[in-house]
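**Q** got a structure for you, letters missing:
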């Protein structure tokens with residue numbers, strides 16, 4: 001699950017601000033929406049009006065992104081690209097969302113501009129679907145309102161040259177990702193089928209229909225991404241009864257029973273042979289709201305809980321977890337607020353203590369962990385993004401949960417009016433796998 005699957009701007013903004021006082025105690029006022037311009041190339045925003053408490057610009061522990069401008073892709077040091085690096089997408093003008101820039105970003109905040117996408121209309125959406133195993137390609141999803149059949153354009157982007165290796169349109173797309181280990185092909189999941197494709201979208205093989213098992217709407221979405229094993233020979237799918245492990249050709253390997261008796265969704269690999277999965281614990285208002293995180297061995301061994309079960313429409317939901325030297329940290333979301341993301345530290349007995357992040361609205365999405373820090377996307381400014389439309393843009397930053405320090409990598413810097421109009425809409429942190437991964441460990 002990623003932040004771009006629940007974009008905070010536009011359609012979620014109006015609902016989210018209603019919970020700001022409940023979660024953060026900030027002063028929040030709503031007002032009439034600005035009349036949007038209808039454009040066939042992108043979704044129409046809701047335009048809710050906010051008034052948030054002032055954020056201390058460049059306060060203690062906040063480092064702005066003051067590095068040099070972005071270098072061209074020809075200067076990317078590919079031999080050093082790996083742990084701590086990110087692919088990120090920034091909207092330079094968050095009032096329009098008509099242009100996006102794709103960057104490769106180093107742990108030291110060096111930025112390499114891979115491609116600028118001009119969508120030709122206001123309000124388009126670009127999502128980073130995946131980063132290939134060979135690190136040289138990014139998979140983008142471009143969507144807009146008014147497209148017949150919920151049409152999404154999928155682009156296979158060469159980060160080394162900025163060129164498109166292939167692109168095609170898919171109706172009712174659920175997810176697109178690279179095959180593993182290198183990313184030679186694509187795995188496409190729609191609301192009715194799963195199939196492998198070439199980079200230009202040409203059908204390679206259709207997987208059995210029984211792998212499309214999307215019984216409920218969960219906090220991770222009704223169509224969570226399938227999870228490849230590192231060697232690319234196995235795929236883990238969501239199931240109404242737990243998880244399903246299949247070969248790359250779609251042949252069943254084994255079923256993993258849900259430890260809660262409800263649907264499970266794969267989140268990511270926790271350790272060699274073990275999936276971090278979200279498993280439901282109850283229904284609220286027709287959706288699977290209650291749940292907890294589990295370590296599920298794909299060997300069929302007994303799963304073990306990471307977090308305790310949480311219940312109720314107003315309960316925080318644990319979406320993901322990371323182990324740092326200072327402890328285990330959990331990404332939590334309050335679905336009653338239409339998506340309010342927080343960070344918590346897991347303590348004895350499963351108690352989660354909220355970790356305060358110096359942001360303007362307290363809404364923080366974690367992209368991943370590197371060393372002792374978390375890479376987050378959060379609003380660091382309260383400022384005008386357009387005439388009569390105060391909207392908060394997201395920054396990409398490193399956060400140390402012990403010192404509470406923030407180091408801005410990309411996007412709006414605290415108090416910097418020159419960058420306040422931009423917003424980082426998506427990011428993928430490179431996730432190196434443990435050296436103990438072995439082919440055939442299933």
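**A** Now that the structure is in, tell me what you want to look at. Because the structure is predicted, anything quoted here is derived from the model rather than measured.

**Q** Poorly predicted segments of the stretch 201-350 of the chain, please.
**A** Scanning the stretch 201-350 of the chain for pLDDT under 70 picks out 212-222, 283-289, 312-314, 335-339.

**Q** distance between stretch 239-258 and the chain's centre?
**A** On the basis of Cα atoms, centre = their mean, to the nearest Å, stretch 239-258 sits 24 Å off its chain's mean C-alpha point.

**Q** before we move on, what about stretch 350-368?
**A** Averaged C-alpha coordinates place stretch 350-368 at 15 Å from its chain's average position (Cα atoms, centre = their mean).

**Q** now the end-to-end length of that stretch.
**A** One end of stretch 350-368 sits 21 Å from the other (Cα to Cα, to the nearest Å).

**Q** mind listing what's buried in it?
**A** 352, 355, 357-368 (16 or more other Cβ atoms under 10 Å). For every residue, glycine as well, the C-beta is placed using N, CA and C.

**Q** just checking, what packs against the helix or strand hosting residue 343?
**A** Using DSSP states H and E, residue 343 maps to strand 341-346. Here strand 341-346 touches strand 327-333, strand 352-354, strand 364-370, going by 3 or more Cβ pairs under 8 Å, 6 or more residues apart in numbering; DSSP states H and E.

**Q** by contact count, what packs against the helix or strand in which residue 138 is found?
**A** Here residue 138 sits within strand 137-143, counting by DSSP H and E. In terms of contacts (3+ Cβ pairs under 8 Å, 6+ apart), strand 137-143 is packed against strand 111-118, strand 125-131, strand 151-158, strand 173-178.

**Q** residues contacting residue 188?
**A** Shown in contact with residue 188 (Cβ atoms under 8 Å, 6 or more residues apart in numbering): 154, 170, 173, 175-176, 194-197.

**Q** Out of the helices and strands packed on strand 341-346, which is closest to residue 134?
**A** strand 364-370 (19.0 Å; Cβ to Cβ).

**Q** the inter-axis angle of the following helix or strand past the closest one versus strand 341-346?
**A** Using DSSP H and E, the helix or strand that directly follows strand 364-370 along the chain is strand 373-379. Orientation of strand 373-379 against strand 341-346 (axes from the mean of the first three to the mean of the last three Cα atoms, to 10 degrees) gives an angle of 150 degrees.

**Q** Spell out which strands sit alongside the helix or strand that comes right after strand 373-379 in the sheet and which way each one runs.
**A** Sequence-wise, the next helix or strand downstream of strand 373-379 (DSSP H and E) is strand 394-400. Sheet pairing for strand 394-400, assigned by DSSP bridges, gives strand 373-379 (antiparallel), strand 405-410 (antiparallel).

**Q** Now render those strands as CSV, adding distance to residue 166, mean pLDDT and mean neighbour count.
**A** What follows is these, written out as CSV (distance: least, Cβ to Cβ, whole Å; pLDDT from 0 to 100; neighbours: other Cβ atoms under 10 Å):
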stretch, distance to residue 166, mean pLDDT, mean neighbour count
strand 373-379, 28, 93, 25
strand 405-410, 27, 92, 22
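
**Q** on that earlier part again, so which of the contacts of residue 188 comes closest to residue 305?
**A** residue 175 (26.4 Å).

**Q** pLDDT averaged over the strand holding residue 138, what's the number?
**A** Average pLDDT, strand 137-143: 93.

**Q** Give the partner strands of that strand in its sheet and their orientations.
**A** strand 125-131 (antiparallel), strand 151-158 (antiparallel).

**Q** Would you format the helices and strands packed on strand 341-346 as TSV with distance to residue 107 included?
**A** Shown next, in TSV, are those (distance: least, Cβ to Cβ, whole Å):
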stretch	distance to residue 107
strand 327-333	19
strand 352-354	27
strand 364-370	7
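
**Q** and residue 158, which of the ones you listed is closest to it?
**A** Once those are compared by Cβ to Cβ, strand 364-370 is nearest, at 22.4 Å.

**Q** what comes into contact with that closest one?
**A** Contact with strand 364-370 is made by 2-3, 8, 83-84, 86, 107, 320, 322-324, 329, 331, 341-343, 357, 374-378, 396, 398-399, 427-429, 431, as judged by Cβ under 8 Å, 6+ apart.

**Q** which of those residues are buried?
**A** 2-3, 8, 84, 86, 107, 320, 322, 324, 329, 331, 341-343, 357, 374-378, 396, 398-399, 427-429.

**Q** circling back: next, the angle strand 364-370 makes with the strand holding residue 343.
**A** Using the same axes, to 10 degrees: strand 341-346 against strand 364-370 is 50 degrees.

**Q** wait, which of the buried residues of stretch 350-368 is closest to residue 290?
**A** Nearest to residue 290 among the buried residues of stretch 350-368, with distances taken as Cβ to Cβ, is residue 352, at 15.2 Å.

**Q** Can you tell me the closest non-neighbouring residue to the closest one?
**A** Nearest residue to residue 352, sequence neighbours excluded (Cβ to Cβ, 6 or more residues apart in numbering): residue 344, at 3.7 Å.
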